[in-house]
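Chemist: Show me the folded form of this:
(2 chains)
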Amino acid sequence: MAEKAGLDMSTNETGVDPEEIRKVQVLTPRLQKLKREWEEAEPQVYVDDTLLFTESWRETEGLPLDIRWAKALEKRLLECPVVIRDGEIVVGSLTKFIRGNGTLCAMKPREILEMCEKGKFARKTSDTESTKITPEDLAALRADAEYWIEHIPQVSTVNAALEYDMGPGVFDLLFDTGCVFEGRGVRYKMDRGLFQNYSAYGGGVAQVSARCIEVGLNHVIDLCRKERERMMLEGDERSHGSAQFLRKYWLLEACILSCRAFIRYAERHAWLARSEAAKETRGWRKAELLRIAEACERCPAEPPRDFFEAVQCVRLYHLVCWKESSDRPEVPIGRLDQILNPYYVKDKAEGKITPQGAAELLGALWLKIRECENLVTIPRSQRAAPGSLLPNITLCGVDAEGRDLTNEVSWLVLEAMAQVKLSEPAIYIRYNPNMDPRFLLHALRCNVEFGGGNPAFLNDALGTQRYLDRGVPITDACDWNSSGCLGYHLDCMEHLGGGHNINQIKLLELALNDGFDPRTQKQLGPKTGDPKTFASFDDVMGAYLRQLEYFVPVLHRIKVLTLCTEVADGPMSGLRCAMQFEDSIREGLTPKEGGARYPEGRTSWLGSRGMVDIADSLAAIKKLVFDEKKVTMGELLEACARNWEGHDALHQMCLNAPKYGNDDEYVDSLYDRLSTEVPEIMQRWIDPITGKKPILFIGAAAGHVAIGKAVGALPNGRRAGTPVNDAACSVMPGMDVNGPTAAINSATNGPYAREFCGYAMNMKFSKSVLNTEEKLEKLSWLVKAFMKRGGWHIQFNIHSREELLDAQKHPAEHRNLLVRVGGYSAYFIDLPPELQNEIVERSMHDRL
Amino acid sequence: MNAVEGMVFNIQRYSIDDGPGVRTTVFLKGCPLSCLWCSNPESLDPLPEVTWRYTSCRRCGTCVAACPEGAIALTDDGIRIDRIRCSRCGSCVAACLPGALALSGRKMTVDEVWSVVRKDRDYYEVSGGGVTCSGGEVLAQPEFVAALFRRCRAEGIHTCADTSGWGSPEAMETVLGECDLVYFDLKHMNPAEHLRLCGRSNEPILRNLGLTVARGVPLVVRLPLVPGCNDTAENLAATGAAVARLAAGAEVHLLPYHHYGESKYRMLGREYPLPEVESPAPEALERAKAIIESYGLKCDIKK
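Modeler: Purely as a prediction, here's the structure:
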């Protein structure tokens, strides 16, 4: 992009000493102690915030909605317990417990009541362990839930609107039983309480606002006050009539209330730190507490003065945004290295900080970020991004002038991630080809040490280009960060949220059944012909595409009704308005209502899932039915209908048919055709809200499990009800047998990621492939070539012992697991059992 | 159009140990040597061979019925192929549904190989990689290797020949004329021992090593280190001395013996020749490295 703009991209010289970075000890003894305490603590239900929320709601009866939300936040921030634990150097805890789980009964009272009755409280990251609760808290929580059951609407406004518009039962049929569409956990039980359809994703996310940190909230308050004075004195040209004028008036007040409450919440931490300091006998700890107090007195009201204050400030932003979120909080932290580096550079020049000191602070920040949890009632299999809290951190990136922004904090953040070894936050690196190659190696080394596919790499130029394509100027287009499970958005300029997804494999199943759904026994799609009468492969492809053409406008309608109904019923306005103050204040609307500078991502997002399964299925049909005529369409469909039972030989033939991921022209040409025609159809209709072509989303963190359940066996050999491929361009498990370059080529033989975000390539490697510095460099070549070929998102999993053991038990599912030593390589499953055992053992002891 | 044909048993993409950068390694079938430790037993015979992956075999017997020669029998733990009767026609492979049987080795033209090699150009480019011909023995198919390399070099792709060195000087010249790097194996310095371990004398090898140096093609000398076979201090010293004399300045790679090829012997219905030998201990490797280095050579242990 920068090249396009005629600007010079020069290789970044970060001047970083990798040895110095590698030497830091992130988990100092006190952080080790805090981490251990967290790991050993039993999860506990935390009720104070929900009780405060309810109390406030009762107190504000009759007031404008924006004010009620702001007052509820204010009461929670001013009256919730504030804690500083011994040894903490970054403060701000969600709950008074070491491992507490927050909730708001107003959000889902029936579900909370059910939990109370069952005595089992599940968390976002796990529902295998129960969470304990004191008898008093249980009684209070139960009473709170019962209060809300009486005071919330008895029906979901979103469902009511959709059923009215589409006819009763249609929505249920298309989503829950037929599963032509896949949305959010929202559809699981209609208990959205006061928040209605307002999950974090649907309602949108308040992210840690780099701009707010930079200017300080006093400045935002001042802007709101001035705007209110101005509109009273001069009138407001942006409001059309009394309703909008009034809305803006109250929204600005809500914004001021929320910012003030946030500032006072920080001051409560300062006050606590000072009183702890007064009691403290250890001189060094006393000094630390006073330092914390100074930081919390200063921020977020005013901009931080140094690295210490900036880290503390980021923590409180993350925490307050989290509190303000609902069922599925996901608060992106944004471009952490860009936020923190100016302070780091200044402190370092003044001799105030060392890499070691900064690393410890980042480690402390890590522990606090991971601490947050919420109760979740949706079963794990139906959650989006199960096991994840999604506090994404984005690093690096190229600016509008084409400069690579990688800095020393980028290095330190990765080191912190690798050494702290907590499942989150997830790190995303905005890769550009001019990055310091040593940084890339550092990132990959951290990946191997971490072991779990962290960090992921995103294509910087492509991320910016998609926004440029939609008319966003380069100065803003280059300021994007990752969010959600596979998404990204413009930092504080765009409303972040998800959308609905088309279950592509269901459409193929419909096409193979003349629009009839075998599962619900209903004619869900249009009649596109009896496949047994199809004379050529093109008829099959045509039938599928016509199913898609039929359902895309339906999806648009559902999406618009869902989003607009959410807007009408949405809370949390003041804080969100503050986070995007540069635009929201002037507009007098929250970001998702139109107060954001760019509505592109949020309102235009259309999702597509299962394209690899379709390409593989079409390849099997083309080869076996039409090219080689080994089987008739009738026989193939009969075998699918019977889930391959009694059709072993045919099943094997289908499994052996060409599979995407092997750089095989036969199937890749079909994938190529789908990758051109599917986006064309999905973008044929403009997004009704923005009037622009939708940004498309592909892939899934967990949705592939949900959509797979509703679809029968397919000609690619997949069995009924099993998950479809895990992401857009990952290969059917065990089916990529030509190695990593072939898998990458299949995914990048065309500009497939140009219109699709979320286009993630998951690659797995065994540890023995990566046991030397030299081999890490070899891995870096894959990243470089992937990006050069226009890939969007790539991540590497390093095999665990468990996976290797599973490969021994179920070799067929691990056909692609490579073990390489010296000039010889073999697939793991080909090795004799004794050698497999040896490798299983060896991989456990591997250290780079 | 290039119709020169070679017998190829595997084209392995993303090879990261067969030369600089990301490489595509073209494994040729047929080798004049028969080293006891060979980890690619399917590379020895110059004709296609049926391989049997026992982990995938369902013992269904379809192949038994499909074989026109009656060369396959069902046994308690799978199948047995009578390799003398087998006409290598591939009927069993076509019949095998789980894909447990495969035909290793087929004639490929330079164009066919190139169509695979060219797919990974982006990877060669970002990594300084290219194409390696390995074996089997490249000197057994010099025209094919030279034609393939010529094609690669015309497109700016780096070429490397991985050879045992056993072949005619003419073959060596033909390959040297088209390659950017030679990986040259030295297995034993004593001609009699070489004959015993590898089935041939080492004289042509040493002559070709001299030729390689004389032609000025960059060279890496590679020593498979096989305990009890070629790891004596005496042999290592002789090797170091020979390399220092013939190819001063060449880098030496020590390749510790491993028995990962063992399962492939089973796939071919053969006995593994070195069942008792263990991989060399780290100290033994370091000792070997020190000996080589004492001749002023740069030496790396490859794992």
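
Chemist: how close does B:C57 get to chain A?
Modeler: 12 Å (Cβ to the nearest Cβ, to the nearest Å). The C-beta positions use only the backbone N, C-alpha and C, and glycine is treated the same way.

Chemist: Give the burial count for the residue lying closest to that residue once chain neighbours are set aside, as a bare number.
Modeler: Leaving aside its sequence neighbours, B:C57 sits nearest to B:A100 (Cβ to Cβ, 6 or more residues apart in numbering or on different chains; 4.0 Å). Neighbour count for B:A100, taken as other Cβ atoms under 10 Å in any protein chain shown: 22.

Chemist: so what's B:A100 up against?
Modeler: By Cβ atoms under 8 Å, 6 or more residues apart in numbering or on different chains, B:A100 lies in contact with B:W52, B:R53, B:Y54, B:S56, B:C57, B:R58.

Chemist: Using the record's domain definitions, break chain B down for me.
Modeler: B:5-46+B:106-301, B:49-104 (automatic domain parsing).

Chemist: residue contacts, the closest residue to B:S87 other than its chain neighbours?
Modeler: The shortest distance from B:S87 to any residue other than its chain neighbours is 5.5 Å, reached at B:E69 (Cβ to Cβ, 6+ apart). By Cβ under 8 Å, 6+ apart, the contact set of B:E69 is B:D82, B:R85, B:C86, B:S87, B:C89.

Chemist: quick one, phi psi at the closest residue to chain B within the stretch 351-500 of chain A?
Modeler: Here the stretch 351-500 of chain A gets closest to chain B at one residue, A:P433, 8.6 Å apart by Cβ to the nearest Cβ. Main-chain dihedrals, A:P433, degrees, to the nearest 10: phi -70, psi -10.

Chemist: For it, the count of nearby residues, please.
Modeler: 15.

Chemist: Same check on the one 10 residues further on?
Modeler: Using other Cβ under 10 Å, A:A443 is surrounded by 28 other residues.

Chemist: Quick check: it touching A:E415?
Modeler: No: A:A443 lies out of contact with A:E415 (Cβ atoms under 8 Å); the separation is 10.2 Å.

Chemist: circling back: right, so of the domains of chain B, which gets closest to A:Q338?
Modeler: domain B:5-46+B:106-301 (26.8 Å; Cβ to Cβ).

Chemist: Quick check: end-to-end length of that closest one?
Modeler: 35 Å (Cα to Cα, to the nearest Å).

Chemist: what distance separates it from the centre of its chain?
Modeler: Centroid displacement of domain B:5-46+B:106-301 relative to its chain, using Cα atoms, centre = their mean, to the nearest Å, is 6 Å.

Chemist: Let me know the helix or strand that B:C299 is in.
Modeler: According to DSSP states H and E, B:C299 maps onto strand B:298-301.

Chemist: Would you point out which residue is most central in chain B?
Modeler: B:G135 (3.1 Å; Cα atoms, centre = their mean).

Chemist: Counting by contacts, list what the lowest-mean-pLDDT helix or strand in chain B packs against.
Modeler: Least confident helix or strand of chain B, by mean pLDDT, DSSP states H and E, is helix B:262-267 with a mean of 86. When contacts are defined as 3 or more Cβ pairs under 8 Å, 6 or more residues apart in numbering or on different chains; DSSP states H and E, helix B:262-267 packs onto strand B:49-52.

Chemist: And for the residue nearest to the centre of chain B, nearest residue in space, chain neighbours not counted?
Modeler: Nearest to B:G135 is B:L28, by Cβ to Cβ, 6+ apart, at 4.9 Å.

Chemist: For that neighbour, which residues are in contact?
Modeler: B:6-9, B:43, B:133-138, B:140-141, B:144-145.

Chemist: go again using 6 Å as the cut-off
Modeler: B:G135, B:G136, B:Q141 (Cβ atoms under 6 Å, 6 or more residues apart in numbering or on different chains).

Chemist: And for A:C179?
Modeler: With Cβ under 6 Å, 6+ apart, A:C179 has these contacts: A:N503, A:K506, A:I707, A:A710.

Chemist: what comes up buried for the least confident helix or strand of chain B?
Modeler: B:E262, B:S263, B:K264, B:Y265, B:R266, B:M267 (16 or more other Cβ atoms under 10 Å in any protein chain shown).

Chemist: What is the strand holding B:C299 packed up against?
Modeler: Counting contacts by 3 or more Cβ pairs under 6 Å, 6 or more residues apart in numbering or on different chains; DSSP states H and E, strand B:298-301 packs against strand B:251-256, helix B:282-293.

Chemist: quick check: mean pLDDT across the longest one?
Modeler: Okay, so that is helix B:282-293. On average, the pLDDT along helix B:282-293 is 95.

Chemist: Out of the contacts of B:E69, flag the one nearest to chain A.
Modeler: B:C89 (19.8 Å).

Chemist: which SS state does that closest one fall under?
Modeler: Following DSSP: H, G, I helix; E, B strand; the rest coil, the label given to B:C89 is coil.

Chemist: Give me the pLDDT value at it.
Modeler: 93.

Chemist: can I see the domain layout of chain A?
Modeler: If you go by automatic domain parsing, chain A breaks into A:41-153, A:217-302.

Chemist: give me the residue from the stretch 551-700 of chain A nearest chain B.
Modeler: For the stretch 551-700 of chain A, Cβ to the nearest Cβ, closest residue to chain B: A:Q652, 4.1 Å.

Chemist: what about that residue, neighbour count?
Modeler: A:Q652, neighbours per other Cβ under 10 Å, totals 17.

Chemist: excluding its backbone neighbours, what's nearest it?
Modeler: B:L97 is the one closest to A:Q652 (Cβ to Cβ, 6+ apart), at 4.1 Å.

Chemist: For burial, what's the neighbour tally of the one you found?
Modeler: 19.

Chemist: Help me confirm that it is found in a helix?
Modeler: No: according to three-state DSSP, the state of B:L97 is coil, so it is not within a helix.

Chemist: Next, work out how far apart it and A:K630 are.
Modeler: 12 Å (Cβ to Cβ, to the nearest Å).

Chemist: for B:A284, same thing?
Modeler: 55 Å.

Chemist: Next: B:A146.
Modeler: Counting by Cβ to Cβ - B:A146 and A:K630 are separated by 41 Å.

Chemist: higher neighbour count, those two?
Modeler: B:A146 (24 against 12).

Chemist: Let me know whether that one touches B:T174 as I believe.
Modeler: Yes: at 4.9 Å, B:A146 and B:T174 qualify as touching, with contact defined as Cβ atoms under 6 Å.
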